[in-house]
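Visitor: Generate coordinates for the sequence data below:
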Amino acid sequence: QVQLVESGGGLVQPGGSLRLSCAASGFTLAYYNIGWFRQAPGKEREGVSCISSSFDITYYVDSVKGRFTISRDNAKNTVYLQINSLKPEDTAVYYCAARIGYGCTLAPNYNYWGQGTQVTVSS
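Guide: As a prediction, this is how the structure comes out:
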């Protein structure tokens, strides 16, 4: 059974950091392009970062550049999203997703999705 499970969310103060994890089961994450998305209440789902299956090419939406870092650990079949300098506007449910094929994208054209992990940034 193909499954993605996110973890690592929580309540953090502005300026704080979190590391989100996306663990895969039922397939080998190394062969897939992985994206991280977020959805705040009342807003559309937004792609924030992705990492390609080939050469680990990474992309970030402008609003998170310099603060978010995506990486993968193929031995653990897991992709991470390190989030630093958190802002209240980063508050959202964060999802990871996997897609086969050439390259990754910040558009939600992915085959598999996790259930999400809540990130809340508040003092």
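Visitor: Report the buried residues of the helix or strand containing Leu81.
Guide: Per DSSP states H and E: Leu81 is located in strand 78-83. Across strand 78-83, burial judged by 16 or more other Cβ atoms under 10 Å covers Thr78, Val79, Tyr80, Leu81, Ile83. In this view, the C-beta of every residue, glycine as well, is placed from N, C-alpha and C.
Visitor: ok, now stretch 97-105?
Guide: So, applying 16+ other Cβ under 10 Å, buried residues of stretch 97-105: Ala97, Ala98, Arg99, Cys104, Thr105.
Visitor: Lys87 against Val121, yeah?
Guide: Yes: with contacts counted by Cβ atoms under 8 Å, Lys87 reaches Val121, the gap being 6.1 Å.
Visitor: so after the strand holding Leu81, what's the next helix or strand?
Guide: strand 92-99.
Visitor: how far away is the residue nearest to the spatial centre of the chain from Tyr59?
Guide: In the chain, the residue lying closest to the centroid (Cα atoms, centre = their mean) is Trp36, at 2.6 Å. As for Trp36, its distance to Tyr59 is 10 Å (criterion: Cβ to Cβ, to the nearest Å).
Visitor: residues in contact with the strand holding Leu81?
Guide: 17-24, 29, 34, 36, 48-49, 51, 64, 67-73, 90, 94, 96, 119 (Cβ atoms under 8 Å, 6 or more residues apart in numbering).
Visitor: what angle sits between that strand and strand 92-99?
Guide: 140 degrees (axes from the mean of the first three to the mean of the last three Cα atoms, to 10 degrees).
Visitor: Strand 78-83: partners in the sheet, and parallel or antiparallel?
Guide: strand 18-25 (antiparallel), strand 68-73 (antiparallel) (DSSP bridges).
Visitor: shared neighbours of Trp36 and Tyr59, anything?
Guide: Residues touching both Trp36 and Tyr59 (Cβ under 8 Å, 6+ apart) are Ser49, Cys50.
Visitor: what's the closest of the buried residues of strand 78-83 to Tyr112?
Guide: Set against Tyr112, the nearest of these by Cβ to Cβ is Val79 (12.2 Å).
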